[in-house]
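Chemist: Show me the folded form of this:
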Amino acid sequence: MLVAIVILILVVGSLVFHFASPWWFTPLASNWSAIDDTINITFWVTGIVFVLVNCFLAYAVFRYRFNKNKRADYEPENKKLESWLTLITTAGVAAMLAPGLFVWGQFVNVPEDADVFEAVGQQWHWSYRLPGEDGVLGQTAVELISEKNPFGINPEDANGLDDVLIFSNEMHVPIDQPVKVVMRSKDVLHNFAVPQFRVKMDLVPGLASYLWFTPTRLGRYEILCEELCGMAHYTMRGHIVVESRENYDLWLSRQTTFAQTLKAPEYDLVKGKALFASCSACHGGAGEGNEVMNTPSLAGQSSWYMKRQLKYYQQGVRGSHKDDQYGQQMAAMAATLSDDKAIDDVLAYIATLPGKAEPAAPAPGDSVKGKHLFRNCAYCHGNNAEGKFALNAPKLTTLQPWYLKRQITNYQQSIRGAHPEDLYGNQMILMSRLLQSEQAVDDVVAYIRSLAPDGGTLTSKAVLPGPVSEGE
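Modeler: This next block holds a predicted model:
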């Protein structure tokens, strides 16, 4: 009797939890309400079966409870019961599968008037490509991927020269316009998913997959990788902005084409040196940094990373937090660089600086323990903290220990990286919190310090700046 009551309580509790649960679908923002309908049908079919089976189980437990004066009736076959169960099961399975097959038929047939863009996945970043005026995406190949050609576009293919490249993790689409998303991966399995649009699809290395949707609500929605793509998989996030056609066209006009990235940039080292004069007051004449002024070393750091940071300062992505006093100072200084050409000139000059050795100081951490903790960092920053352009991770060996510690602490406290436009900062907040004590931070910093050659001697091997799209 008690078992039967418990079963009935579980059934009632499950129903109440389902209908009263605050965890449900995100608000629909696309044309795929049919996907919600198929899921609801599945819930109804499986829910009814769940209630009937468990209620019958409770009845059977009660009706046929132990009685020493009764014996069980052995009946190995019942063709009538088996026929009914077969028919009911078939109807239930068909009710669940048929709507899904119908919706899948719609999902794989893209409207002829759909816009097209390509989503490229890599650990742990999204980037995008749109066809240019010819309306055709250019050919790509894995062997063509490089720092200057991160999309691996064939420069001999005329269709690819006008392709529009979006280096940021944020993509824009016009409202009420069908969009086809062609997807490929540079490295491992990924998955492109936008919960509000009810769409998701795997990105398989060596293959091109696709999906389509029509956005129906203005807003900014998060793109998730719903495939276990490696360490820190949960940090692989992007955004898609749905806006009016007018705003979309304005955004699109500001983006860079592949042909523009092929043009060798021209640098004026004389102007760069003049612009660096104001930087040298804090960062030193050789870009060596100054702990007294709380300024990091610049010499030897990758120019693509420094350009991104300067743009972040100018756009308020970095240096706008009330507790980031040094970031606020840099935001004011970055504003003195009037345009991208000025940024490129000053970075080209910094790339010529030799840097200087910082006096060796006893590290408060344990580098042996730090080596173990650094394994999580090495996935992006490299085993020797040399940085990886492909993963958008800067070099760490050129930075002073006190500066590294301050930045890790700022990430942990969301003083840095919390801005919604700072994708890599958002990732670093999550990663930095794996270091659960100040001692752990000191240990990691001590290990990074041990990787710097000659006790921290800096040599300039910076890559001259390449194109950075607006908002990166």
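
Chemist: And the pLDDT at Gln81?
Modeler: I think there's a mix-up here, since residue 81 is Leu and not Gln. What the model reports as pLDDT for Leu81 is 85.

Chemist: Mind telling me what element it is part of?
Modeler: helix 79-107 (DSSP states H and E).

Chemist: and if you look at Asn383?
Modeler: Here Asn383 is assigned to no helix or strand, by DSSP H and E.

Chemist: Just read off the phi/psi values of it.
Modeler: Dihedral pair for Asn383: phi -60, psi -30, per degrees, to the nearest 10.

Chemist: Against Ser280, how distant is it?
Modeler: Here Asn383 is placed at a distance of 33 Å from Ser280 (Cβ to Cβ, to the nearest Å). Using the backbone N, CA and C atoms, a C-beta is placed for each residue, glycine as well.

Chemist: same deal with Phe43?
Modeler: Phe43 is 65 Å from Ser280, by Cβ to Cβ.

Chemist: More neighbours: those two, which one.
Modeler: Ser280 (17 against 13; other Cβ atoms under 10 Å).

Chemist: Pull the number of nearby residues for the nearest residue to the more buried one once chain neighbours are set aside.
Modeler: Of all residues not flanking Ser280 in the chain, Gly287 sits nearest, at 7.7 Å (Cβ to Cβ, 6 or more residues apart in numbering). Gly287: 28 surrounding residues under other Cβ under 10 Å.

Chemist: Settle this for me: Gly287 is touching Leu298, isn't it.
Modeler: Yes: between Gly287 and Leu298 a contact is recorded at 3.9 Å, counting by Cβ atoms under 8 Å.

Chemist: Which neighbours do those two have in common?
Modeler: Cys279, Ile350, Leu353 (Cβ atoms under 8 Å, 6 or more residues apart in numbering).

Chemist: my guess is the last one contacts Ala286, does it?
Modeler: Yes: applying Cβ under 8 Å as the test, Leu353 and Ala286 come out as touching, 5.3 Å apart.

Chemist: Mutual contacts of those two, please.
Modeler: With Cβ under 8 Å, 6+ apart, Leu353 and Ala286 have common neighbours Ala299.

Chemist: Please identify the helix or strand for His172.
Modeler: strand 170-174.

Chemist: got the contact list for that strand?
Modeler: 115, 117, 119, 126, 128, 179, 215, 223, 238-245, 247-248, 251-252, 421, 423, 471.

Chemist: Let me see the ranges of the strands in the stretch 151-300 of the chain.
Modeler: Counting by DSSP state E, counting those that start in this stretch, the stretch 151-300 of the chain has these strands, from start to end: 164-166, 170-174, 179-185, 190-194, 199-203, 209-213, 219-225, 237-243, 256-257.

Chemist: need these in TSV with distance to Leu373, can you?
Modeler: Formatted as TSV, the strands of the stretch 151-300 of the chain follow (distance: least, Cβ to Cβ, whole Å):
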stretch	distance to Leu373
strand 164-166	34
strand 170-174	32
strand 179-185	29
strand 190-194	27
strand 199-203	31
strand 209-213	37
strand 219-225	25
strand 237-243	24
strand 256-257	38
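
Chemist: Among those, which comes closest to Arg71?
Modeler: strand 199-203 (55.5 Å; Cβ to Cβ).

Chemist: now the angle between strand 190-194 and the closest one, please.
Modeler: 170 degrees (axes from the mean of the first three to the mean of the last three Cα atoms, to 10 degrees).

Chemist: packing partners for strand 199-203?
Modeler: For strand 199-203, the elements it packs on are strand 179-185, strand 190-194, strand 209-213, judged by 3 or more Cβ pairs under 8 Å, 6 or more residues apart in numbering; DSSP states H and E.

Chemist: give me that answer again for 10 Å
Modeler: Strand 199-203 makes packing contacts with strand 115-122, strand 179-185, strand 190-194, strand 209-213, strand 219-225 when contacts are defined by 3 or more Cβ pairs under 10 Å, 6 or more residues apart in numbering; DSSP states H and E.

Chemist: I'd like those strands written out as JSON lines, with mean neighbour count added.
Modeler: Listed next are the helices and strands packed on strand 199-203 as JSON lines, based on neighbours: other Cβ atoms under 10 Å:
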{"stretch": "strand 115-122", "mean neighbour count": "22"}
{"stretch": "strand 179-185", "mean neighbour count": "22"}
{"stretch": "strand 190-194", "mean neighbour count": "23"}
{"stretch": "strand 209-213", "mean neighbour count": "20"}
{"stretch": "strand 219-225", "mean neighbour count": "17"}
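
Chemist: Minimum distance to Pro99: which of those has it?
Modeler: That would be, of those and by Cβ to Cβ, strand 209-213, which comes in at 18.3 Å.

Chemist: List the neighbouring strands of that closest one plus their orientation.
Modeler: strand 179-185 (antiparallel) (DSSP bridges).

Chemist: Next one: the residue sitting furthest away from the middle of the chain from Leu435, what distance?
Modeler: Among residues of the chain, the one most distant from the C-alpha centroid is Asn69; the distance is 67.7 Å, by Cα atoms, centre = their mean. According to Cβ to Cβ, Asn69 stands 70 Å off from Leu435.

Chemist: How about His321?
Modeler: His321 sits 20 Å away from Leu435, going by Cβ to Cβ.

Chemist: try Ala264
Modeler: Going from Ala264 to Leu435 by Cβ to Cβ gives 42 Å.

Chemist: Could you check which of the two is surrounded by more residues?
Modeler: The residue with more neighbours, out of Ala264 and Leu435, is Leu435; 22 against 7, by other Cβ under 10 Å.

Chemist: my guess is that one meets Leu373, correct?
Modeler: Yes: if you go by Cβ atoms under 10 Å, Leu435 and Leu373 touch, sitting 6.5 Å apart.

Chemist: Overlap of the contact sets of the two?
Modeler: Val441, Asp443, Val444 (Cβ atoms under 10 Å, 6 or more residues apart in numbering).

Chemist: Show me what counts as buried in the helix or strand hosting the first one.
Modeler: Element membership for Val441 (DSSP H and E) is helix 438-451. Judged by neighbour count (16 or more other Cβ atoms under 10 Å), helix 438-451 contains these buried residues: Ala440, Val441, Asp442, Asp443, Val444, Val445, Ala446, Tyr447, Ile448, Arg449, Ser450, Leu451.

Chemist: picking that back up, Leu353 and Ala286: who's more crowded?
Modeler: Leu353 (23 against 17).

Chemist: Who are the contact partners of the more buried one?
Modeler: So Leu353 contacts 273, 276, 280, 283-288, 297-300, 458, 460, 462 (Cβ under 10 Å, 6+ apart).

Chemist: looking at this, it is in a strand?
Modeler: No: Leu353: not assigned to a strand; according to DSSP: H, G, I helix; E, B strand; the rest coil it is coil.

Chemist: so what's the backbone phi/psi at it?
Modeler: The phi/psi pair for Leu353 (degrees, to the nearest 10) reads phi -80, psi 140.

Chemist: if I look at it, how far off is Asp340?
Modeler: 21 Å.

Chemist: cool, and Ala29?
Modeler: From Ala29 to Asp340 the distance is 34 Å (Cβ to Cβ).

Chemist: for Arg237, same thing?
Modeler: 27 Å.

Chemist: on contacts alone, who are the packing partners of whichever helix or strand Asp344 is part of?
Modeler: Assigned by DSSP H and E, Asp344 belongs to helix 340-350. Under the contact definition 3+ Cβ pairs under 10 Å, 6+ apart, helix 340-350 sits against helix 269-283, helix 303-315.
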